[in-house]
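# What follows is a predicted protein model with its sequence.
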Amino acid sequence: MRSKIIFTSVVVFLVITAFILVFVFKASGSNSSVSVDGCDPYNVEVKKGQKENSVNIYWKTKSKCSGYVIYGSEMKDLHLVGIDLENEIKDINHSVEINSLISTKMYYFSIVSDGTSYGKDGLPISFMISSL
């Protein structure tokens, strides 16, 4: 009986520890954290735009950096460019609006920050307007 209580306590402790580590890791990965440097994008958000069939992509950088988005409907063919027309050429806050998209089509994008392309785990980030 005592060994069952100890075993259950250890399992509960490990589950709670794993949950906390995952939560803290995700929170630090989405905010400015020690691992975010210079022109590395963080706090990347994709939201429906105010115009029909448009999205706004937002991100931040710790340093003032140039930034734009390359995107397309094929993961391996990001041939369209979205430019931040709202902020200065080099800034820490970045915003790109992409218009005339098809709401049920999957799109892919990478952020180009000071000449380096960023995605998720080395791949472009995907979105579909109807899923936002």
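Alright, I've got the coordinates.
# Give me the neighbour count for residue 67.
Neighbours of residue 67 under the rule other Cβ atoms under 10 Å: 27. All C-beta atoms are positioned from the backbone trio N, CA, C, and that covers glycine.
# Could you give the bridge partners of it?
Per DSSP bridges, the residues bridged to residue 67 are residue 113.
# Isn't it up against residue 59?
Yes: at 7.2 Å, residue 67 counts as touching residue 59 under the criterion of Cβ atoms under 8 Å.
# what touches both of these two?
Shared contacts of residue 67 and residue 59, defined by Cβ atoms under 8 Å, 6 or more residues apart in numbering, comprise 41, 94, 111, 113.
# Now do the same contact list for the first one.
Meaning residue 41. By Cβ under 8 Å, 6+ apart, the contact set of residue 41 is 59-61, 67, 94, 111, 113, 118.
# So what touches stretch 62-71?
Stretch 62-71 is touched from outside by 32, 36-42, 57, 59, 61, 78-84, 88-92, 94, 96, 98, 107-115, 117, 124, with contacts defined as Cβ under 8 Å, 6+ apart.
# Mark which of those are part of strands, please.
Taking DSSP state E, the ones among the contacts of stretch 62-71 that sit in strands are 42, 57, 59, 61, 80-83, 91-92, 94, 96, 98, 107-113, 117.
# Report the buried members of those.
42, 57, 59, 61, 82, 91-92, 94, 96, 98, 107-113 (16 or more other Cβ atoms under 10 Å).
# Residue 92 and residue 59, how far apart?
10 Å (Cβ to Cβ, to the nearest Å).
# Walk me through the domains of the protein.
Domain ranges of the chain: 1-30, 42-131, per automatic domain parsing.
# In terms of pLDDT, where does the residue most central in space within the chain sit?
For the chain, the residue nearest the mean C-alpha position is residue 44 (3.6 Å; Cα atoms, centre = their mean). Note on residue 44: pLDDT of 96.
# I'd say it and residue 56 touch.
No: contact criterion Cβ under 8 Å: residue 44 and residue 56 do not qualify, at 11.5 Å.
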